[in-house]
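S.K.: next input, structure requested:
(2 chains)
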Number of protein chains: 2
Amino acid sequence: MEAPCCVPTHGEDSLLAIEAEALAARFKALSDPNRLRILSIVSSSPTAETCVCDLSEPLNLGQPTVSHHLKIMVEAGLLNREKRGVWAYYSLVPGALDSLAATLIPKA
Amino acid sequence: MEAPCCVPTHGEDSLLAIEAEALAARFKALSDPNRLRILSIVSSSPTAETCVCDLSEPLNLGQPTVSHHLKIMVEAGLLNREKRGVWAYYSLVPGALDSLAATLIPKA
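M.R.: Here you go, the predicted structure:
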């Protein structure tokens, strides 16, 4: 028999407020099309990392804008940044996207 | 031999602008902690659907605010809405979260 309307049906496994804050911040980092395209380029790079200097042209964006987007994704824990010489190189934080994806899979 | 800096390394499989727009809109719907908590409650409901009337209390939010968040997730294609009598009932759109999760898994 189903519970009548207005009896709370949420279980103990529902997301806590503090967990939701942290997750929402990561999804916010993904809520911009240019940031998704940057992630796509970085993740499909044959060298597993991408120079900031290689992103402006395919995205048709100025380098300050690209750097702004990259900073948001580094702060969200999605990208690593390594400075070598005059350029910064970006790579995926291992497991970060997978663990974020796992939070989206409804429990059976 | 690795390509020197400033040779674009993005492949043909990088995300197109139009795909990125659509995906970003879905991630934007997930970029709010209250919306993530709503999704969590709906997905853990034993009846596979949740009455709008059951969300205010666990979230400690007024019903207009809950309805606002629900509308965003319906528009983003994450939740289905079914009106029965005076209440609306929400359920996960089958496969929507899984397919969004799949976009986050870096290609091997």
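S.K.: only C-alpha atoms for contact and neighbour calcs from this point on.
M.R.: OK.
S.K.: list the buried residues of stretch A:45-59.
M.R.: For stretch A:45-59, the neighbour count (16 or more other CA atoms under 10 Å in any protein chain shown) marks A:45, A:49-56, A:59 as buried.
S.K.: and these, which of them are in helices?
M.R.: Per DSSP state H, helices hold the following members of the buried residues of stretch A:45-59: A:56, A:59.
S.K.: do stretch A:46-54 and chain B come into contact?
M.R.: Yes. Using CA under 8 Å from any CA of the partner chain, we find that stretch A:46-54 touches chain B at A:46-47, A:50-51, A:53-54.
S.K.: pull the most distant pair out of these.
M.R.: A:46 and A:53 (15.9 Å; CA to CA).
S.K.: can you give me the helices in chain A?
M.R.: A:17-29, A:33-43, A:56-59, A:63-75, A:96-102.
S.K.: okay, now the unreliable bits of chain A?
M.R.: For chain A, the stretches with pLDDT under 70 are A:1-14, A:106-108.
S.K.: make it 50
M.R.: Scanning chain A for pLDDT under 50 picks out the ranges A:1-12.
S.K.: winner for burial among the helices of chain A?
M.R.: Highest mean neighbour count of these: helix A:33-43, a mean of 24 (counted as mean count of other CA atoms under 10 Å in any protein chain shown).
S.K.: dump it to PDB, restricted to CA.
M.R.: Output of helix A:33-43 as PDB, limited to C-alpha atoms (Å, rounded to 0.1, in the frame of the first residue of the first chain):
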ATOM      1  CA  PRO A  33      29.500  25.400 -22.700                       C
ATOM      2  CA  ASN A  34      33.000  26.800 -23.100                       C
ATOM      3  CA  ARG A  35      34.200  25.000 -20.000                       C
ATOM      4  CA  LEU A  36      32.700  21.700 -21.300                       C
ATOM      5  CA  ARG A  37      34.500  22.200 -24.600                       C
ATOM      6  CA  ILE A  38      37.700  22.900 -22.700                       C
ATOM      7  CA  LEU A  39      37.300  19.700 -20.700                       C
ATOM      8  CA  SER A  40      36.500  17.800 -23.900                       C
ATOM      9  CA  ILE A  41      39.700  19.100 -25.600                       C
ATOM     10  CA  VAL A  42      41.800  18.400 -22.500                       C
ATOM     11  CA  SER A  43      40.400  14.900 -22.100                       C
END
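S.K.: just checking, what packs against that helix?
M.R.: helix A:56-59, helix A:63-75, strand A:87-92, helix B:17-29 (3 or more CA pairs under 8 Å, 6 or more residues apart in numbering or on different chains; DSSP states H and E).
S.K.: one more time with 6 Å
M.R.: When contacts are defined as 3 or more CA pairs under 6 Å, 6 or more residues apart in numbering or on different chains; DSSP states H and E, helix A:33-43 sits against helix B:17-29.
S.K.: what residues does chain A have near chain B?
M.R.: Selection of chain A residues close to chain B by CA under 6 Å from any CA of the partner chain yields A:6, A:8-10, A:14-15, A:20-21, A:24, A:27-28, A:31-33, A:37, A:40-41, A:45, A:53-54, A:97-98, A:101, A:104-105.
S.K.: can I get the helices of chain A in TSV including distance to residue A:87?
M.R.: TSV is the format used below for the helices of chain A (distance: least, CA to CA, whole Å):
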stretch	distance to residue A:87
helix A:17-29	23
helix A:33-43	15
helix A:56-59	13
helix A:63-75	11
helix A:96-102	24
